[in-house]
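Undergrad: I would like to see how this sequence folds:
(2 chains)
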Amino acid sequence: MAFDSSPLRVEVVAADGLVWEGDAESFLARTPDGDIGILSHHEPILATLVPCAVEVLRADGGVREIIAIDGGFLAVDENRVSVLTSHGRMAQEIKLAEAEREYHAAQKALDAGDVSVDTKHHYYRARAQLRAAQRAAEQH
Amino acid sequence: MASSLRELRQRRKSVTATKKITKAMELIAASKVIRAQQAGVRALPYTRELNRALSALATHASVDHPLTTHVERPRRAALLMFTSDRGMNGAFNTNLIKAAARMRARLEEQGIQVKRYVVGRKGIAYHKFREIPVIQAWGGFSDQPTYADAQEIADVLIEDFLTPYEEGGVDEIHAVYTRMESMLTQTPRVRRLLPLEVVEGVHTVDELGHIPQYAFEPDADTVLDAIMPQYIRSRVWFYMLQSAASILASQQRAMKSATDNANQLIESLTREANQARQAEITQEITEIVGGASALAEASAQD
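TA: As a prediction, this is how the structure comes out:
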């Protein structure tokens, strides 16, 4: 394929709506095996994601968008990245204090010996939201 | 005569009060149906991307998965019905329950045992009244479902499907929902939810003519394992959104015809009341005139 410098198209979709869409320079998310970074013209890939804070470096002006996702999938194809998650939120929309409270509540439940799938999931989600909120706070 | 005039006026008053209620419900349903339709539109990108990913997976890897396994001779099937929580929506629930009954009859003809799952309080009440056993029922969110509700329902169904027949599991799952065709038509539909039928996507071929080769992270099976339940959840979510919009559209239509009927009734009652009033006046005049002429006659004879 001839080289072209077209930016990466990124779409983050949650079950109840589109969370973010736009052109990006790079994209970063976390799979069960570790972080995965995607640049323009990445080979087609389908990956599962764990709850994490997705980072997108925007093509226009290099602003970093951070999105907390609740696990899901990553599909890269034809210079398009799509992230599918059942629940996704932009970091700016998450209140840091609220995320902290949620995280500590989840941690407490886990420490109390409740290791059911639901609690663990809740814990990971809270952690992802907290990380996203913290990173967004550092930026501004 | 006087009492009937009063009665007519009273009836007119009560119909007017009812009309106010139905009119208000019509307006509420109209505004809610727009929101429900918007929710449906917002869910589209997710479904589209999921379909894309799944068909890519189907093209590049084998999709042999417990959730796509067909049974030669299904012996037990589950029927998932999406009814509404409240009434006042015309024939919505009746139509849906009829469609479900037809499906059940067809399954039973083939010797398949049917298990029922119900969503919506009206459907729950229907089965309870007739003492028909329901395996599990959910209610309280039919006109404003959330994805978490869909997830909960889908997970129960997936578990039931993955349970072997001998332990009470089902071989097939059918969903009966109401499709929102337009504001005017909503039709009940029966769709097989499980086992899944994965259709290979018509894949775009790049300039050099080869199909892009996918890499899977961590591997194709794991991705498939994760994507399949998501797909089922998104189907259930779609059915719920369609049903929600349909409920509200039927409600709006039912309430509109109720308001129209009330208007007609008010008009005819007003006519009748006017007639009764006129008749009363005429009678009074006749009585006065009759009385006066009787008096005049009596005094002329004196």
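Undergrad: and after the helix or strand hosting residue B:41, which helix or strand comes next?
TA: Assigned by DSSP states H and E, residue B:41 belongs to helix B:2-60. Once the chain leaves helix B:2-60, the next helix or strand it forms, by DSSP H and E, is strand B:76-82.
Undergrad: Which residues does that next one contact?
TA: With CB atoms under 8 Å, 6 or more residues apart in numbering or on different chains as the test, strand B:76-82 has contacts from B:96-97, B:100, B:103-104, B:107, B:112-120, B:123, B:135, B:142, B:153, B:157, B:160-161, B:165, B:169-178, B:193, B:236, B:239-240, B:243. C-beta here means a position set from N, CA and C on the backbone, and glycine is covered the same way.
Undergrad: show me where the stretch 51-200 of chain B has helices.
TA: B:92-109, B:121-129, B:147-162 (DSSP state H, counting those that start in this stretch).
Undergrad: Show me what the last one is in contact with.
TA: Contacts to helix B:147-162, defined as CB under 8 Å, 6+ apart, come from residues A:14-16, A:86-87, B:66-67, B:78, B:80, B:115, B:117, B:119, B:135-136, B:138, B:141, B:169-171, B:173, B:193-195, B:229, B:232-237, B:240.
Undergrad: rewinding a little: which of the contacts of strand B:76-82 are buried?
TA: Listed as buried from the contacts of strand B:76-82 are B:96-97, B:100, B:103-104, B:107, B:112, B:114-120, B:123, B:142, B:153, B:157, B:160-161, B:170-178, B:193, B:236, B:239-240, B:243; burial here means 16 or more other CB atoms under 10 Å in any protein chain shown.
Undergrad: Which helix runs longest in chain A?
TA: Assignment by DSSP state H gives helix A:117-139 as the longest helix of chain A.
Undergrad: Please see if it touches chain B.
TA: No: applying CB under 8 Å from any CB of the partner chain, one finds helix A:117-139 separated from chain B by no less than 10.5 Å.
Undergrad: Mind listing what's buried along that helix?
TA: A:119, A:122-134, A:136.
Undergrad: circling back: now the helices of the stretch 51-200 of chain B as JSON lines including distance to residue B:4 and mean pLDDT?
TA: JSON lines is the format used below for the helices of the stretch 51-200 of chain B (distance: least, CB to CB, whole Å; pLDDT from 0 to 100):
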{"stretch": "helix B:92-109", "distance to residue B:4": "37", "mean pLDDT": "94"}
{"stretch": "helix B:121-129", "distance to residue B:4": "39", "mean pLDDT": "94"}
{"stretch": "helix B:147-162", "distance to residue B:4": "53", "mean pLDDT": "92"}
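Undergrad: mind putting the ones you listed in JSON lines, distance to residue B:188 included?
TA: Formatted as JSON lines, the helices of the stretch 51-200 of chain B follow (distance: least, CB to CB, whole Å):
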{"stretch": "helix B:92-109", "distance to residue B:188": "4"}
{"stretch": "helix B:121-129", "distance to residue B:188": "12"}
{"stretch": "helix B:147-162", "distance to residue B:188": "18"}
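Undergrad: Tell me where chain A has helices.
TA: Using DSSP H, helices in chain A cover A:96-111, A:117-139.
Undergrad: okay if I get the ones you listed as JSON lines plus mean pLDDT?
TA: Listed next are those as JSON lines, based on pLDDT from 0 to 100:
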{"stretch": "helix A:96-111", "mean pLDDT": "80"}
{"stretch": "helix A:117-139", "mean pLDDT": "77"}
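Undergrad: how about TSV for those, with distance to residue A:54 added?
TA: TSV is the format used below for the helices of chain A (distance: least, CB to CB, whole Å):
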stretch	distance to residue A:54
helix A:96-111	16
helix A:117-139	8
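Undergrad: Just tell me which of the ones you listed ends up closest to residue B:287.
TA: helix A:96-111 (81.2 Å; CB to CB).
Undergrad: For the closest one, buried residues please.
TA: A:99, A:102-103, A:106, A:109.
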